[in-house]
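Chemist: 3D, please:
(chains A and B)
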Amino acid sequence: MPINAATSALNLSFSPATTTGFVIPQSRSFTVTVNPVVLFSILDHFLRRQENQDRVIGTLLGVRSEDGSEVEVRNCFPVPHNETQDQVAVDMEYHHNMFELHKKVNPKELIVGWYATGANLNQWNALIQDFYSKAVLPFQAIHLTMDTALKNDEKLLGVKTYVSAPIGISGKPENCLFLPVPCDVKYFNAERSGLDLLASAMNEPARTTSLTSDMDNLEKAILTVQEMLERVTDYVNKVLEGSVPANNTIGRFLMDTISVVPKIDKTEFEKMFNSHLQDLLMVVYLANMTRIQLAIAERLQLLV
Amino acid sequence: MASTAPTTNAKEGLANLNVTAALDIEGTIPLESVQLDGLVVLKIIKHCREAFPTPVTGQLLGLDISEVLEVTSSFPFPRAKYQVEMMRCLREINVDHNTVGWYQSTYLGSFLTHKLVETQYFFQKTNNKSVVIVHDVSRSTHGNISLRAFRFTPSFMEAQKEKKFTNESLQKKKLTFSNIFEELPIAIKNSHLVTALLHSLNEYEPLPIKALDKDKVEVPLTPNFDTLELSLDPYIEKNLEFLLEAVEEYGQEQSNLAFWQRSYAREQSKLQQYLQKRKQENQTRQAAGLEPLPEEDISKLFKLPPEPSKLDSLLITSQINNYCKQLNQYAGPTLGKLFVVGELQK
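Modeler: Got it, this is the predicted structure:
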């Protein structure tokens, strides 16, 4: 899902030689994917900022594809910095220490760039970008911004990613051009359930939720399926009545879905169903027996 | 109870002084629930998933406010020195650096080990309100996240402190497998910004993307139907396998105990015989007008075998109970699904 869909991404191609003399391997299409944990960490960092601080920055860690055109941001850590009207100071020592510590846990994750909160890019961004660019040579550093003030038009936490290109003849560090690059959110199956859980607190006024049991979860899933089926039936009926024009794409999707349902011989299925049921009940029975045994043993022990 | 809490909180700074003061007064209130920050959930999942199937541990940071333990941050825990450095770094960026427990990943709920007991004992000794959060990676892939928070009951803490797990002491403390741990309910809390983020993620039109693992196309926050997955047999199979293993271990433990009982009885009877003999001898000696031989040193001659620790069998029974519970928990939804499929085929 492109989370920066609102930006009109600018894809410029560069001549490979730059002022630094290094070859930038990213001249083709360039994609960035972000793990949700990164976004959560950034927000947490922003919440814990110093009292007089407007924005926070930190280092992004992740992995690159071999040619460097795909970057997966998997982790991040905050870096303290100090910013005034006329100077910026980033705690480099902290950055190095923290990176060393992270390397011990996951040596595969390397520095891929940095993040900042706030939607604006200024000359300090360029300076910090210059530092991170040097840290990730020969690849390009990614700059990720999150609009924590929610001041954009859509009132969303606009997540945007940029790469930089030097401009000007002299190639000063503060001269650079930030180019927006597409950015997706990606996660693994195990994280999915966690994210679902967090999302269930989304519409709660107290912003809290508790863990659900397997049964409740199943019930929820079945209810959702039911609702979807009802919607589809409703649509199909309407099409048959002629009140809604038929949509070929939807029809094809429905066709595909229905064809997935396996057709099994009835007796065969009955057999499978029954044996499965018996197995399951047997297991449950045995498990309960064991528990009863344990409970009796416990009582006896206390009686002696 | 929380006599250590004020000292560990002392460094928290002015803002938390009120909390510390509150703790002093209400320190005796036992913990009732654990509140996890959304970030912590994701961090634990990430760390455990990356290392899967190797079990990993990490540290939890946060604060305990009367009966709720708030966990606001966490980090992985590869070795001892790491922890100190990490804590120092985190303090600089205003993260709560008060240790409130640790987390561990597990495979199919087989987490009750000596290692866990020792670590949790260590944590709970330093801070009475420490908890261990157990995250089951294999269960979480089936669409329902598995996170459980545990802490030792006071009676188990006492037993572990004395390192005494004999029949007698267990009975005196009424300690059985079911009250080693107390499980605490877990609640999840998101910050306002995180709520905003979730809403933003929900706003966007889903577009097909390439997912990281397998060829599945997944978009954030669309309905998730992993729970409807039918192939749960491997899970139950594995669970039964573990259960059998545990039962076998339990059997072993039992034969150990029987062996001890036999040898104890043997030594005991030998001792009695000897005592009897000595008494008779003394009687004859007394009759002959001689000094009686002392009876005290006899017990030194015979060494009664020490009673084996029952900690192992306690843990194993607890583990068996856990597996059985898990099977039951799993069987319910599976039965439901089975009937759903049955209806579908009609």
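
Chemist: span of stretch A:184-204 from start to end?
Modeler: The first residue of stretch A:184-204 is 27 Å away from its last residue (CA to CA, to the nearest Å).

Chemist: anything in it near chain B?
Modeler: Yes: applying CB under 8 Å from any CB of the partner chain, one finds stretch A:184-204 in contact with chain B at A:184-199, A:201-202. In this view, the C-beta of every residue, glycine as well, is placed from N, C-alpha and C.

Chemist: chain B - how does it break down into domains?
Modeler: Domain assignment for chain B by automatic domain parsing gives B:5-203, B:233-345.

Chemist: distance to residue A:31 and mean neighbour count added to those, as CSV?
Modeler: Output for these, formatted as CSV (distance: least, CB to CB, whole Å; neighbours: other CB atoms under 10 Å in any protein chain shown):
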stretch, distance to residue A:31, mean neighbour count
domain B:5-203, 18, 19
domain B:233-345, 35, 14
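
Chemist: by mean pLDDT, show me the worst of the ones you listed.
Modeler: Across the domains of chain B, domain B:5-203 has the smallest mean pLDDT, namely a mean of 76.

Chemist: now residue 280: which helix or strand?
Modeler: Picking chain A for this. helix A:266-303 (DSSP states H and E).

Chemist: oops, wrong one, chain B.
Modeler: helix B:233-287.

Chemist: can you tell me how far the residue nearest to residue B:93 when sequence neighbours are not counted is from residue B:195?
Modeler: Among residues not flanking residue B:93 along the chain, residue A:78 sits closest, at 4.6 Å (CB to CB, 6 or more residues apart in numbering or on different chains). The gap separating residue A:78 from residue B:195 is 21 Å, by CB to CB, to the nearest Å.

Chemist: what about the helix holding residue B:280 and chain A, touching?
Modeler: Yes: for helix B:233-287 and chain A, the contact criterion (CB under 8 Å from any CB) is met by B:236, B:240, B:243, B:247.

Chemist: out of those residues, who's nearest residue B:31?
Modeler: Nearest to residue B:31 among the residues of helix B:233-287 next to chain A is residue B:243, at 30.4 Å by CB to CB.

Chemist: grab the nearest non-local neighbour of the closest one.
Modeler: Residue B:243 sits nearest to residue B:323 (CB to CB, 6+ apart), 4.2 Å away.

Chemist: which strands and helices sit next to the strand or helix carrying residue B:339?
Modeler: Here residue B:339, judged by DSSP H and E, is contained in helix B:311-345. Using 3 or more CB pairs under 8 Å, 6 or more residues apart in numbering or on different chains; DSSP states H and E, the elements in contact with helix B:311-345 are helix A:214-241, helix A:266-303, helix B:114-126, helix B:233-287.

Chemist: packing partners for the first one?
Modeler: The criterion is 3+ CB pairs under 8 Å, 6+ apart, and the helices and strands that helix A:214-241 contacts are helix A:248-260, helix B:311-345.

Chemist: that helix vs helix A:248-260, what angle?
Modeler: 130 degrees (axes from the mean of the first three to the mean of the last three CA atoms, to 10 degrees).

Chemist: in helix A:214-241, which residues are buried?
Modeler: Within helix A:214-241, the residues that count as buried by 16 or more other CB atoms under 10 Å in any protein chain shown are A:214, A:217-218, A:220-222.

Chemist: thinking again about what came up before, how about the domains of chain B in CSV, adding distance to residue A:290?
Modeler: Listed next are the domains of chain B as CSV, based on distance: least, CB to CB, whole Å:
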stretch, distance to residue A:290
domain B:5-203, 12
domain B:233-345, 5
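
Chemist: just the buried ones out of the residues of stretch A:184-204 next to chain B, please.
Modeler: Buried among those (16+ other CB under 10 Å): A:184-199, A:201-202.

Chemist: looking at those residues, which are in strands?
Modeler: Using DSSP state E, the subset of those located in strands is A:184-185.

Chemist: the helices in chain A, which residues?
Modeler: A:36-47, A:92-105, A:123-135, A:189-199, A:214-241, A:248-260, A:266-303 (DSSP state H).

Chemist: and what of the stretch 101-250 of chain B?
Modeler: B:114-126, B:137-140, B:154-162, B:167-173, B:192-203, B:233-287 (DSSP state H, counting those that start in this stretch).

Chemist: now for the last one, which elements pack on it?
Modeler: Here helix B:233-287 is seen to pack against helix A:266-303, helix B:298-301, helix B:311-345 when contacts are counted using 3+ CB pairs under 8 Å, 6+ apart.

Chemist: do that again at 7 Å, thanks
Modeler: helix B:298-301, helix B:311-345 (3 or more CB pairs under 7 Å, 6 or more residues apart in numbering or on different chains; DSSP states H and E).

Chemist: please compute how far that helix lies from its chain's middle.
Modeler: Between the centre of helix B:233-287 and the centre of its chain there are 29 Å (CA atoms, centre = their mean, to the nearest Å).

Chemist: next, the angle helix A:266-303 makes with it.
Modeler: Using the same axes, to 10 degrees: helix B:233-287 against helix A:266-303 is 30 degrees.

Chemist: so where's the longest strand in chain A?
Modeler: strand A:70-79.

Chemist: neighbouring contacts of that one?
Modeler: A:31-35, A:37-38, A:41-42, A:45, A:56-64, A:90-91, A:94-95, A:98, A:102, A:109, A:112, A:115, A:142, B:93 (CB atoms under 7 Å, 6 or more residues apart in numbering or on different chains).

Chemist: just these: which are in strands?
Modeler: Using DSSP E, those in strands are A:31-34, A:57-64, A:90, A:112, A:115, A:142.

Chemist: got the CA positions of stretch B:271-285 in CSV?
Modeler: The C-alpha coordinates for stretch B:271-285 follow below in CSV (Å, rounded to 0.1, in the frame of the first residue of the first chain):
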residue,chain,number,x,y,z
LEU,B,271,19.1,-47.9,61.4
GLN,B,272,16.3,-49.2,63.5
GLN,B,273,17.8,-52.7,63.6
TYR,B,274,21.1,-51.3,64.7
LEU,B,275,19.4,-49.2,67.4
GLN,B,276,17.5,-52.3,68.6
LYS,B,277,20.8,-54.2,68.8
ARG,B,278,22.5,-51.5,70.7
LYS,B,279,19.6,-51.4,73.1
GLN,B,280,19.8,-55.1,73.8
GLU,B,281,23.5,-54.8,74.2
ASN,B,282,23.0,-52.0,76.7
GLN,B,283,20.5,-54.0,78.6
THR,B,284,22.9,-57.0,78.9
ARG,B,285,25.7,-54.6,79.8
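
Chemist: show me what contacts residue 285?
Modeler: Defaulting to chain A. Contacts of residue A:285 (CB under 7 Å, 6+ apart): none.

Chemist: let me rephrase: I mean chain B.
Modeler: Residue B:285 touches residue B:292, counting by CB under 7 Å, 6+ apart.

Chemist: can you report phi and psi for the nearest residue to residue B:170 once chain neighbours are set aside?
Modeler: What sits nearest to residue B:170 in space, not counting adjacent residues and going by CB to CB, 6+ apart, is residue B:310, at 6.0 Å. Note on residue B:310: backbone dihedrals following degrees, to the nearest 10 are phi -90, psi 10.

Chemist: can you pull the contacts of residue B:310?
Modeler: Residue B:310 neighbours (CB under 7 Å, 6+ apart): B:165-167, B:170.

Chemist: re the thing from before, direction included, what does the longest strand of chain A pair against?
Modeler: The pairing partners recorded for strand A:70-79 under DSSP bridges are strand A:31-34 (parallel), strand A:57-64 (antiparallel).
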